[in-house]
Every structure is written in structure tokens, then in C-alpha cells.
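Enquirer: Below: sequence and its predicted model.
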Amino acid sequence: MKEMDFEEMRNQFAILKEQLQKQEIVSDRLLRKTMKTKKNAINSTKRMTYGCVIFCLLLFPLNYFTRSYSLPFTIATSLIVLFCAVATHYIHKPVDELNFMKDDFSTVAHVMAKFKKQYNQWLYYWSPAVLIPWLIWACYDYISLHGSYARHPWLMVIPILIGGAIGAGIGLHYHFKAVNAAQDIIDEIEG
């Protein structure tokens, strides 16, 4: 009798252990699929940046030929856009190399933390250092080329400032989308 009870307990323990292992595998796969989905949000930011770069590089020569801006400003703007594209590629490269279905969680968490740190440094340090002087130069360049036609030349820069505000809003949206996705991946791994 005791031997049957002991054998039955052993069988139940084996069944519970098997179910627990299956549950861990399902949880691991679910977590990895969720991380892969969050990576798509990060990649959408990169794709948007590359799309803007292509659009701008096609548009800037048109600005020069219509004499909206000077040649030095157009060249400098194209170089800034190319620099931003290279920096975006550099920041995203470790994330692109991750295989969420196979890499261990500590590696994924480390790469995501580094990505988040670099993205925030780009926003808080590089963006103001590059964009504020560029915006001032854009206003000055436009006024110096077209200011003689207007009664109040500084009113002509209002569309430039509105465009800059719209661009900043779109950029911040995509920035926080990528940073929040990286933080969600880190939270899921740690949670």
C-alpha cells in the first residue's frame, strides 16, 4: 500500500515537473516574441530617419536651384543630415545584430541599456548643439537672401520656426518611442 502511494506521488511529481518545464518554455518564447515586437518599434524609428535623409538629400539641391538658400547653407545642411544618418546607423547597429530568439537575456538587457543611453545623449547633447545654430543660420540665410523684399524681414522666418517646431515634435515622438521600447524590453527581462 505504501509502495503504491509512494509510486503515485512519484508519478504526480514527474507530471508536475514536466508541466512546469513546458510553462517556462512558453514564458521564455512569449517574452522573446514580445521583445522582437518592441524591436520593430525601434526599427521604425530608424526607417523614418533614413526616409527623411533620402527626402532631404533630394530636396536640398532643389533649394539651391530655386535660390531659397545659399550654396554653403545647402551643403552644410546636407552634411548635417548625412552625419545624423551615420550616427543613427551606429546607435542602431548593436540592436540590429541582436537575435532575440537566441541571445541570452543579460546580453539583450546590456545592449538595450547602451542603446537607450546613447539615444538620450544624442537628444540632450548633440541635437541642441547642432540644431540651434543650424536654425539660426537658416533664418539669417533666408533673411539675407529675401529680406529686401519684405517690409518686416523677421516675419519671414516664422514659417521656418514653425517647421522647426513641427520637426522637433515629430523627432521627439520617434525618440521617445524608441527609448520607451528599449526600456520595456529591459523591464520585461528584469521583471
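Expert: Alright, I've got the coordinates. Numbers count the residues shown, from 1 in each chain.
Enquirer: Identify the single longest helix in the protein, thanks.
Expert: Assignment by DSSP state H gives helix 2-65 as the longest helix of the chain.
Enquirer: counting contacts, what elements does that helix pack onto?
Expert: Applying 3 or more Cβ pairs under 8 Å, 6 or more residues apart in numbering; DSSP states H and E, one finds that helix 2-65 contacts helix 71-97, helix 158-190. C-betas here are computed from N, CA, C, even on glycine.
Enquirer: Go through the longest one and flag the buried ones.
Expert: The reference is to helix 158-190. Across helix 158-190, burial judged by 16 or more other Cβ atoms under 10 Å covers 164, 171, 174-175, 178-179, 181-182, 184-186, 188.
Enquirer: Residue 115: which of those residues is nearest?
Expert: residue 182 (5.3 Å; Cβ to Cβ).
Enquirer: so who does the closest one touch?
Expert: By Cβ atoms under 8 Å, 6 or more residues apart in numbering, residue 182 lies in contact with 38, 42, 95, 112-113, 115-116, 119.
Enquirer: Distance check, residue 33 against residue 46.
Expert: 20 Å (Cβ to Cβ, to the nearest Å).
Enquirer: and what of residue 52?
Expert: 11 Å.
Enquirer: now swap in residue 103 and tell me
Expert: 19 Å.
Enquirer: In terms of neighbours, single out the busier of those two.
Expert: residue 46 (19 against 14; other Cβ atoms under 10 Å).
Enquirer: Skip the chain neighbours and tell me the closest residue to that one.
Expert: Closest residue in space to residue 46, ignoring its immediate chain neighbours: residue 92 at 4.8 Å, by Cβ to Cβ, 6 or more residues apart in numbering.
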